[in-house]
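Asker: Below is the sequence, then the predicted model.
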Amino acid sequence: MRLHPLALAVSACIFSVSQAAHAQQPAAVSETALRAHLSFLADDLLEGRGTGQRGGDLAVRYLETQAALIGLKPIPGGGYRQKVEIEGSKLLSGSATFTAGGKTFKPALGKGIVMGTKSGNENLSFDAPLVFVGYGAAASEEKWDDYKGLDAKGKILVMMVDDPQPTAEEPNRFAGKAYTWYGRWVYKFEEAARRGAAGVLLIHTTPSSSYPWSVPANGFGNERFGLKGPGNPMEGWLHEDTARELFAAGGHDLDKLRAQAERRDFRPVDLKVAGHVELRSAIRPVEQFNVIGIVPGTDAKLKEQAVVYSSHWDHMGMAELKAGDDPKADRIYNGAIDNASGTAALLVMAAEAVKKPAKRTQIFLWPAAEEQGLLGAAAYVANPVWPLAQTAADLNLDSLNFVGRTRDIGVAGAERSSLFETSTQVAKSMGLKIAPSSPDMSGAYFRADHFAFAKAGVPAFNVGSAVFSGDGHFEFEQHQNESSTNIKGFKDHYHQVSDAYRPEWDLSGMVQQAQFTLNLGYAVANAPGMPTWKKGEAFGSVKRK
């Protein structure tokens, strides 16, 4: 077997017998160090750790300095940085004009339609017909294809968010009432790009997307980021009222077509609407970095395999000061919980891992640009420092407990693999229970960095918050309207300037989450075999060794 260069380098390392003898369990993580890292990473000095902003550069410099101080080994080539080539796109001006039934419509930008480009072109002008493709899903395992017989090239695809709903005859199709990957807007944009569409427009409703119109409106009103490479010439969202008007102008009833799209025999529908799109955008290359450090394994054979711990360092940065804004108003999105908490947790976990290496190699990964669509994690998976076939698992941390000690731990998504059984054993050894599961109503499993690994075939999940606390004074829940498992009471601060560090926070529960994740990583790293997917749950097809 030909080993990866990093695996060869690790194989050359010699560890003493005493080190190997103490490689079974990590020591307790430090709450003092965790608080210190958290308070610094969430400080105004780092300006919200925004992608393509100065604060993000400061965060990377801090992390690589701490990685060296801790004693993590650098990645091949030296250093702790992995380049992530990103492209920023900000719409400067644009319009979409639709003609149907002798009528012309020009929805107001930001109110009736939002759009941008992922093509890398600053100026675009094109004509294209609109075609309704239902949910825009092509899922062979569900025997479902919304693109039957359609050549999507040169067309604007209009589709619904979410995925086909369960029926009395098929209550479990597309995971029943829960979200699947096919329901996510990311999948829909990616599928349209794969098929060479001229554009893609998602029909917004609050129930189907799990957030109000203001979310895509605000997102498309700012600079958007994607990995460098080809993408959709135009992509965006239609307000439901706009979609209804357009469908009617072409002689179609939106609700009737929605009903048809719930059937397997649905076929794409020409809406008889002609579109003309004009986009003028500012495009810029943005160089960001994942930060990665290694703890080599101690076992002669198992050290060729690795466990990854991940937690994104970025947040929303500083808001642009616009005309009419109060110059004294807070514009820094500090991201204390989301996700200085996870970033800090990984640092204290790594510090303990270095002291007592496990049998398998351990990789600590701080991905960039998670808030922009898991870009750093996707870049890592596309160019891993360790072969994915020899990667046992990815354990992700995002938005941790800040209100006190708990009796249970959330492991939503672990049930897809044997990681659930291992998680249960680790929780029991710590006097914790596994939090009760609930349907994933907003696709939370697909909205954090671990999914980049899962999509590539590596068992992975996000270690979440608990559902009840030790003393009963705090209540925890999985927020279905947020991007990850968060604590009740955090919803109003999610992606707001108010997500700022407070010295009075009780971090004992955060320490528990970090300790549980590290203990779980050691259980995986010291086990005879690697975790396996449950039947029918694997996303990718990487061959595990």
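Answerer: Looks like it arrived, so ask away.
Asker: sec struct for the closest residue in space to residue 237 that isn't next to it in sequence, please.
Answerer: Closest residue to residue 237 apart from its sequence neighbours, by Cβ to Cβ, 6 or more residues apart in numbering: residue 216 at 4.4 Å. For every residue, glycine as well, the C-beta is placed using N, CA and C. For residue 216, the assignment made with DSSP: H, G, I helix; E, B strand; the rest coil gives helix.
Asker: Make 269 the first number, not 1, from now on.
Answerer: Noted, 269 is the first residue going forward, which turns the last one into residue 484.
Asker: neighbours around residue 484, how many?
Answerer: By the criterion of other Cβ atoms under 10 Å, residue 484 has 23 neighbours.
Asker: mind listing what it touches?
Answerer: 382, 470, 472, 477, 504, 505 (Cβ atoms under 8 Å, 6 or more residues apart in numbering).
Asker: can you redo those as CSV with pLDDT, secondary structure and distance to residue 563?
Answerer: As requested, these are exported to CSV (pLDDT from 0 to 100; DSSP: H, G, I helix; E, B strand; the rest coil; distance: Cβ to Cβ, whole Å):
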residue, pLDDT, secondary structure, distance to residue 563
382, 98, strand, 44
470, 98, strand, 42
472, 98, strand, 45
477, 89, helix, 40
504, 97, strand, 44
505, 98, strand, 43
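Asker: Mind jotting down where the strands sit in the stretch 319-468 of the chain?
Answerer: 349-368, 371-373, 381-384, 391-400, 406-407, 412-413, 424-428, 467-472 (DSSP state E, counting those that start in this stretch).
Asker: Now do the fourth one: distance to the chain's middle.
Answerer: Strand 391-400 has its average C-alpha position 29 Å from the chain's average C-alpha position, going by Cα atoms, centre = their mean, to the nearest Å.
Asker: could you say what helices and strands it packs with?
Answerer: strand 424-428, strand 537-563 (3 or more Cβ pairs under 8 Å, 6 or more residues apart in numbering; DSSP states H and E).
Asker: among these, which is the most enclosed?
Answerer: strand 424-428 (a mean of 27; mean count of other Cβ atoms under 10 Å).
Asker: right, and the strands of the stretch 319-468 of the chain - which one's nearest residue 587?
Answerer: Residue 587 lies closest, by Cβ to Cβ, to one member of the strands of the stretch 319-468 of the chain: strand 349-368, at 13.6 Å.
Asker: My guess is residue 320 contacts residue 358. True?
Answerer: No: using Cβ atoms under 8 Å, residue 320 is not in contact with residue 358, being 10.5 Å away.
Asker: Which neighbours do the two have in common?
Answerer: residue 491.
Asker: out of the two, which sits in the busier spot?
Answerer: A direct count of neighbours by other Cβ under 10 Å for residue 320 and residue 358 places residue 320 higher, at 20 against 16.
Asker: Just list the residues touching that one, thanks.
Answerer: 354, 356, 491, 493, 552, 554, 556, 585.
Asker: Kindly report the same for residue 649.
Answerer: Residue 649 is in contact with 656, 720, 721, 723, 724, counting by Cβ under 8 Å, 6+ apart.
Asker: Now name the helix or strand holding the third one.
Answerer: Right, residue 721. Using DSSP states H and E, residue 721 sits in helix 718-723.
Asker: Please save the CA atoms from the helix or strand that comes right after that helix in CSV.
Answerer: Downstream of helix 718-723, the first helix or strand assigned by DSSP H and E is strand 728-731. Output of strand 728-731 as CSV, limited to C-alpha atoms (Å, rounded to 0.1, in the frame of the first residue of the first chain):
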residue,chain,number,x,y,z
ALA,A,728,-19.3,12.6,10.7
PHE,A,729,-21.7,14.7,12.9
ASN,A,730,-21.9,17.9,14.9
VAL,A,731,-21.7,17.5,18.7
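Asker: Could the C-alpha coordinates of the helix or strand following strand 728-731 be exported in PDB?
Answerer: If you walk from strand 728-731 toward the C-terminus, the next helix or strand you reach (DSSP H and E) is helix 776-794. C-alpha atoms of helix 776-794 as PDB (Å, rounded to 0.1, in the frame of the first residue of the first chain):
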ATOM      1  CA  SER A 776     -18.900  24.400  32.700                       C
ATOM      2  CA  GLY A 777     -21.300  23.000  30.100                       C
ATOM      3  CA  MET A 778     -19.000  24.100  27.300                       C
ATOM      4  CA  VAL A 779     -16.200  22.200  29.000                       C
ATOM      5  CA  GLN A 780     -18.400  19.100  29.100                       C
ATOM      6  CA  GLN A 781     -19.000  19.300  25.400                       C
ATOM      7  CA  ALA A 782     -15.300  19.800  24.600                       C
ATOM      8  CA  GLN A 783     -14.400  16.900  27.000                       C
ATOM      9  CA  PHE A 784     -17.000  14.600  25.500                       C
ATOM     10  CA  THR A 785     -15.900  15.300  22.000                       C
ATOM     11  CA  LEU A 786     -12.200  14.700  22.900                       C
ATOM     12  CA  ASN A 787     -13.100  11.500  24.800                       C
ATOM     13  CA  LEU A 788     -15.200  10.300  21.800                       C
ATOM     14  CA  GLY A 789     -12.300  11.100  19.500                       C
ATOM     15  CA  TYR A 790     -10.000   9.000  21.600                       C
ATOM     16  CA  ALA A 791     -12.500   6.100  21.700                       C
ATOM     17  CA  VAL A 792     -12.500   6.200  17.900                       C
ATOM     18  CA  ALA A 793      -8.700   6.700  17.700                       C
ATOM     19  CA  ASN A 794      -8.000   3.700  20.000                       C
END
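Asker: Thanks again, I'm all set now.
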